[in-house]
Each structure stands twice: as C-alpha cells, then as structure tokens.
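Peer 1: Sequence plus predicted model, see below.
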Amino acid sequence: MTPLFLPPRLRAPLEALAQRLDALPPLPARWQALQGPQARMAGWLRRLPSRPPSQVLAVLLNRGLWPQLPEELQQGLVGRVITLEVSDLGWRLRLRGRADGFEAAGDSAEAALRIAARAAGWWRLARGLDDPDRLFFDRVLVMEGDTELGLLLKNSLDALGPIWPVKPAGSGTPGRARV
C-alpha cells in the first residue's frame, strides 16, 4: 500500500524524514518512565475533545484506505466505533464506520474496539518495521473489545501491507523491512 493520502509534492521530503525516524534507536527504558514534559503534554491532550483530530483522520482514511478494504470489513464497521490511542502522548482518535467510509465518533459513543500503543509502536506498525502479531504478543499493541472485529480488521490490514512502507536503500519501490 502506498500513502495515497499524501500530496505528491510532500511525498519525497516526508519519505526522507520517515527514513531518519526509522533509524532512530528506541528510548532507553528509564527515559520512557520519566514524568517530564511528555507526561504533562499527554495529560493536556487527554482533556481535549477527540472529534477534530478524528475528523482529519477519517478524511485521510476515507481517501487512502477505505476503498482498499474488503467489503466484509466495510460492512462489519458500519455503525461501530473504533478508538485508536497513542498512549504515551495521551492522544485518542475515535472513528465510526459508515456505509461510505469513516466519520469522527466523538467522545460519548461506546467503542466496539480499542487499539492502543505508544507512538513508536504505531510508527513501526505503519511503516511495516514489525509484524502486528509480534507487537501484540510483546504487549506493544493492545486490543480490547470485539475480538472478531479486531481479527477481521487486523487480517484485512495485514493483507494490504504497511500504510507507509519502508523503501529499501537504493530502490525506488517500497518494500517491507525485516527486523
């Protein structure tokens, strides 16, 4: 899958930035536990409504991902709310499936499925740097709620490949990096 939602003029500079981020080592465990500026920012973000960033994500996913999803998954998502959380940043996105794509769900709707990970886990998942099963079993990625919907979503996304695949060095074609 290619990042269809990116305007062509932004793809090259964002790909260069993404490759630099891919090369960063993970934060030491003791740094991840520090309660500094990141924790204060996360506390602030948790208090904000989820609708505005959820609406932006819905537009991007409707343009780039929804048309590629199998019909079975599209139908399974109709009327269901999925919460995506970036746990270390306190950021949550809530999407409701409709017949023609996603919409922002708002904070009051009950989620059928909650998927949470730290920012680094989401990044590795989107880039295809780690297998989703490995992230799940290593407890980097947490799924709660409707197990059947979660497995259908996971298997469908696995079949499509990473959202923003890593390009092999010296190659113009995207590929999946092995770690």
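Peer 2: Nice, thanks for sending it over. Numbers count the residues shown, from 1 in each chain.
Peer 1: And the longest strand along the chain, what does it pack against?
Peer 2: Longest strand in the chain, counting residues (DSSP state E): strand 91-98. If contacts are counted by 3 or more Cβ pairs under 8 Å, 6 or more residues apart in numbering; DSSP states H and E, strand 91-98 sits against helix 37-47, helix 51-64, helix 71-77, strand 81-86, strand 101-104. For glycine as for every other residue, the C-beta is placed from the backbone atoms N, C-alpha and C.
Peer 1: Sheet-wise, list the partners of the last one with their directions.
Peer 2: Going back to what we said before, that points to strand 101-104. Here strand 101-104 has these sheet partners by DSSP bridges: strand 91-98 (antiparallel).
Peer 1: residues of the partner strand that come out buried?
Peer 2: Residues of strand 91-98 classed as buried: 91-97 (neighbour count, 16 or more other Cβ atoms under 10 Å).
Peer 1: which of those lies closest to residue 73?
Peer 2: If you rank these by distance to residue 73 using Cβ to Cβ, residue 97 comes first, at 8.9 Å.
Peer 1: Rounded mean pLDDT for the longest strand of the chain, please.
Peer 2: Per-residue pLDDT over strand 91-98 has a mean of 95.
Peer 1: pLDDT weak spots in this structure?
Peer 2: Across the chain, the ranges flagged by pLDDT under 70 are 1-6, 26-38, 168-179.
Peer 1: From residue 141, how far out is the residue most central in space within it?
Peer 2: Compute the mean C-alpha point of the chain, and by Cα atoms, centre = their mean the closest residue is residue 122, 5.2 Å away. Residue 122 is 8 Å from residue 141, where distance means Cβ to Cβ, to the nearest Å.
Peer 1: for residue 85, same thing?
Peer 2: 11 Å.
Peer 1: anything in contact with each of these two?
Peer 2: Common contacts of residue 85 and residue 141 (Cβ atoms under 8 Å, 6 or more residues apart in numbering): 115-117.
Peer 1: ok, so of these, who is nearest residue 43?
Peer 2: Nearest to residue 43 among the shared contacts of residue 85 and residue 141 is residue 116, at 16.3 Å by Cβ to Cβ.
Peer 1: number of nearby residues for that closest one?
Peer 2: Residue 116: 18 surrounding residues under other Cβ atoms under 10 Å.
Peer 1: try residue 101
Peer 2: Neighbours of residue 101 (other Cβ under 10 Å): 18.
Peer 1: Now do the same contact list for the residue nearest to residue 61 when sequence neighbours are not counted.
Peer 2: Leaving aside its sequence neighbours, residue 61 sits nearest to residue 102 (Cβ to Cβ, 6 or more residues apart in numbering; 5.3 Å). Counting by Cβ under 8 Å, 6+ apart, residue 102 makes contact with 57-58, 61-62, 66, 77, 95-96.
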